[in-house]
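J.: Have a look; sequence and predicted model below, questions after that.
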Amino acid sequence: MRPKSVEVHPVYKCNECGSRHCESLDYVNRIGKIICGCGNLITLDPIQTFKISPVYKNLATTKDEKKQSIHNIQINTSKNSKPLKKEYSEKCVSLLVSLGWKKRESKKIVSQVFNLWKREMKLGVNSRNFEEFISYLMRNQKC
């Protein structure tokens, strides 16, 4: 299956302190400015669009590549069955509570969104993709 769409967000880095700022195209084109936590004002150039085109692998593979592919699928599937680590769960719950959710509701939402994440993304949450999971949680917290 090929993707139906791709989401791209421009990332800006403050020249003063090095902080990363991820913004939507709408924000960049409407507001066009970021005030960094260090007080630096970052002026953004308007963006009309991004041109992204996927490069697909050749479907004709050798037997060894097919075996490797099957092996990788088995490894990834086993990662899906792992529950969300307690430290990540607590951070997510704490974030939702700070946004006004009750703790019990927050735990339920984190659990539901994590299950949705596993089904859609086909991977668990780790230190490398935790920020991406937080963004996913914020987009899907009403489920």
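T.: Right, received. Where do you want to start? Numbers count the residues shown, from 1 in each chain.
J.: In which helix or strand does the residue nearest to residue 24 when sequence neighbours are not counted reside?
T.: The shortest distance from residue 24 to any non-neighbouring residue, by C-beta to C-beta, 6 or more residues apart in numbering, is to residue 9 (6.2 Å). Yep, even glycine has a C-beta here, placed from its N, CA and C like the rest. Using DSSP states H and E, residue 9 sits in no helix or strand.
J.: can you tell me which residues contact residue 9?
T.: 22, 23, 24, 25 (C-beta atoms under 8 Å, 6 or more residues apart in numbering).
J.: ok, 10 Å please
T.: 22, 23, 24, 25, 27, 28, 50, 135 (C-beta atoms under 10 Å, 6 or more residues apart in numbering).
J.: Pick out the most distant pair among the residues you listed.
T.: Across those, the longest distance by C-beta to C-beta is 17.9 Å; it joins 50 and 135.
J.: Compare the two (neighbour count), which wins?
T.: Taking other C-beta atoms under 10 Å, residue 50 and residue 135 do not tie; residue 135 has more neighbours (14 against 10).
J.: Tell me the secondary structure of the more buried one, please.
T.: helix (DSSP: H, G, I helix; E, B strand; the rest coil).
J.: Check what pLDDT it gets.
T.: On the pLDDT scale, residue 135 is placed at 89.
J.: Tell me how far it lies from residue 18.
T.: Residue 135 sits 20 Å away from residue 18, going by C-beta to C-beta, to the nearest Å.
J.: same question, residue 5
T.: 31 Å.
J.: And these two? Which one has more around it.
T.: A count of neighbours by other C-beta under 10 Å puts residue 18 above the other of residue 5 and residue 18, at 9 against 5.
J.: Quick one: the strands in the chain, in order.
T.: Ranges of strands in the chain, per DSSP state E, are 11-13, 20-22, 33-35, 41-43.
J.: what's the closest of those to residue 103?
T.: Set against residue 103 and scored by C-beta to C-beta, those come closest in strand 20-22, at 27.7 Å.
J.: Read off the pLDDT value for the spatially closest residue to residue 114 that is not a sequence neighbour.
T.: Spatial nearest neighbour of residue 114, chain neighbours left out: residue 84 (4.7 Å); criterion: C-beta to C-beta, 6+ apart. With respect to pLDDT, residue 84 scores 83.
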